[in-house]
Structures are given as structure tokens and as C-alpha cells.
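Novice: pasting the sequence and the predicted coordinates here, then a few questions.
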Number of protein chains: 2
Amino acid sequence: MAAMKKERKGDAYSASCPARLVLDQIGDKWTVLILGVLVKQPTRFNELKRRLQGVSQKMLGQTLKKLERNGLVTRRAFATVPVTVEYAITPLGQTLAVSVEALRRWAEDNIREVTRAQASFDARPVASLQVNASSSDAGRGQ
Amino acid sequence: MAAMKKERKGDAYSASCPARLVLDQIGDKWTVLILGVLVKQPTRFNELKRRLQGVSQKMLGQTLKKLERNGLVTRRAFATVPVTVEYAITPLGQTLAVSVEALRRWAEDNIREVTRAQASFDARPVASLQVNASSSDAGRGQ
DNA sequence: CAGAATCCCAGCCGATACTG
DNA sequence: CAGTATCGGCTGGGATTCTG
């Protein structure tokens, strides 16, 4: 019981690092957006679906369940005529949302510079790549 | 494999939000770990591979190239006998690393609470679901 | 040593259909 | 309204092989 899990060599880094936990949670396509809505106010399922244009029921439900399981959002069901369910962010979820917000700010502050770097990268000659190619091919780098 | 730029109406939310940019960059399996190594000191390819136990050459090279393209790391090649290549984090990359570090701290600070939430979630009765009856479950009301 | 190219599987995610 | 279940495409990513 007191024994700690010794990690396998292959997955060691990932599994042992708590950072994995966060990235597995927010790394997907919708979590951050959902959090972004819920941090403002509690929201019902379909309302959420409406706000996150493009999300499927499956992914919305799946992501919400994951968030709920991790204690980041709560689910409250009301026994109204057509069932009503409201999702709300938890205090724990709010603290996460803050860190995520920092990331979003970073993106907004630096998107210009990143875009510039990309353009610069894409524009360069790709030196030291096949010089005597079989066919005359300028091979545009990815 | 080829990177195609294609606008789709379904991805509008994602594409328009700069937050997507960050998550697309750090949401993968290795970026954060690579950044974690490079933020301490410049590192060669195989040294990097050694530190990130479990990464494949493909993913390491791919991820490094993406980081380089986004201006987060630099690549310097030395014309030594067996070629030597050193990767280093850029100032821009360092600012990102700071935000990522915040996320990592969040994870470390809250992993206990998340784990507890998960256990609590997994232990609850799940009303109106068929019982598989493999072993008696003490339904803890929540 | 550094990296590109290929094969292939697991999982994410969307579209659709069904339930309560 | 609020989900769940299933099928299928796409892609992330690991193992392997080849080059300079």
C-alpha cells in the first residue's frame, strides 16, 4: 500500500510528471473553450453547444464528463419537464482557468512574432538539402 | 505529412482564437518536456533524445522543427566530423516556458485534489445503469 | 551523430441514430 | 432538452529503415 508505483522506462517521463495531467486535460480541442464559457457563468448543455460553434454532442458530453470527473466543473440536473442540466465551473476549475488565461494572453501578445517567425522559416533556402537531386526539384520545405 | 493550409467553417472558433496557437504547439506529447530541458541549457539532438526517455527520432525531430518554425527554439549546426547540432531556446520561447511553468505548478499544487475528485467520481452509484455484478460495490452516496 | 522516409496502429473526433 | 452508442475518417505518434 505504501509502495509507490515505479514507472516503466518508456512512459516514465510522461506518467510521473503532473504536467501530463494538465496537458491531457486541456490539450484537446474543446476543453479550453468550454472553460472559457463556464468561467463567465453557469451554462446549460445546449446553450454550451450553441456557443461553441462546431462542437458535436459527443465531444461536448465527453469533454464535460472528463471535466466533471477531474473536479473542474459540476453538473446539476433539474427535474423540469424537459430535463434541464446546468454546468458550472468549480473553484478548482477557476484556478486552472487562470493559468489557461495566462497562456491565452501569451498567445495574443506573441502571435505576431510567431507568425513572423513562421514566415521567415518557410522562406529560407533550405541549405544543405539534396543538392544533386535526381530531378530538378526546389522542394519547398513543409 | 504535408502541411496544408485550409480554412474550414467548422473550425472557425479554433482558428480565430490565438489560444489555439499555443495549444496546438504545447498540446502534443513532447513539446513541454523538450522546453523543460532546453530552458536549462542548449542541448544536442541525441542528448535530448536521451533525456526524454521514450521519444522516437521522428517525434523529436518533428517537434523540434515545429518549435524552430514558431521561433521558440534555434538550431545551430557545427561542421564537426560527425555533425553536431545544438538546440537552444529563444527569448520568445523562454517567455512561453514561463507560462507553461505556471501550468506545471498548477498541476503539482492540485494533483492531489484532482485525484481525489476522480476517485469520488468513479465511486458513485451511477443511477439507472445496469449492474455487471462482478463484485459487490458499496455505493457511497454523493 | 543528426535526420528523413515509410509502415502501421490507437485514439481523437465528427456525423448520425437512438433513448429517457 | 440532455444525453448515449456506433461507425468511420483522419492524424498523432511509435518502430524501423536509409542517408549524409
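Specialist: Perfect, thanks for sending it. Just so we're clear, the structure is a prediction, and the values are computed from it rather than from any experiment.

Novice: pop out the phi and psi values for A:V39.
Specialist: According to degrees, to the nearest 10, the main-chain angles of A:V39 amount to phi -70, psi -20.

Novice: how about it, nearest residue that isn't a chain neighbour?
Specialist: Leaving aside its chain neighbours, A:V39 sits nearest to A:A97 (4.7 Å; criterion: C-beta to C-beta, 6 or more residues apart in numbering or on different chains). The C-beta positions use only the backbone N, C-alpha and C, and glycine is treated the same way.

Novice: in a helix, that neighbour, correct?
Specialist: Yes - assessed by DSSP: H, G, I helix; E, B strand; the rest coil, A:A97 belongs to a helix.

Novice: I'd say it and A:L35 touch.
Specialist: Yes - at 5.1 Å, A:A97 counts as touching A:L35 under the criterion of C-beta atoms under 8 Å.

Novice: which residues do the two both contact?
Specialist: Residues touching both A:A97 and A:L35 (C-beta atoms under 8 Å, 6 or more residues apart in numbering or on different chains): A:I89.

Novice: between these two, who's got more neighbours?
Specialist: For A:A97 versus A:L35, neighbours defined as other C-beta atoms under 10 Å in any protein chain shown are more numerous around A:L35 (22 against 19).

Novice: now that one: how far from A:D109?
Specialist: To A:D109, A:L35 is 20 Å away according to C-beta to C-beta, to the nearest Å.

Novice: how about A:T84?
Specialist: 40 Å.

Novice: low pLDDT regions in chain A?
Specialist: A:1-16, A:126-142 (pLDDT under 70).

Novice: at 50 instead, please
Specialist: A:1-11, A:128-142 (pLDDT under 50).
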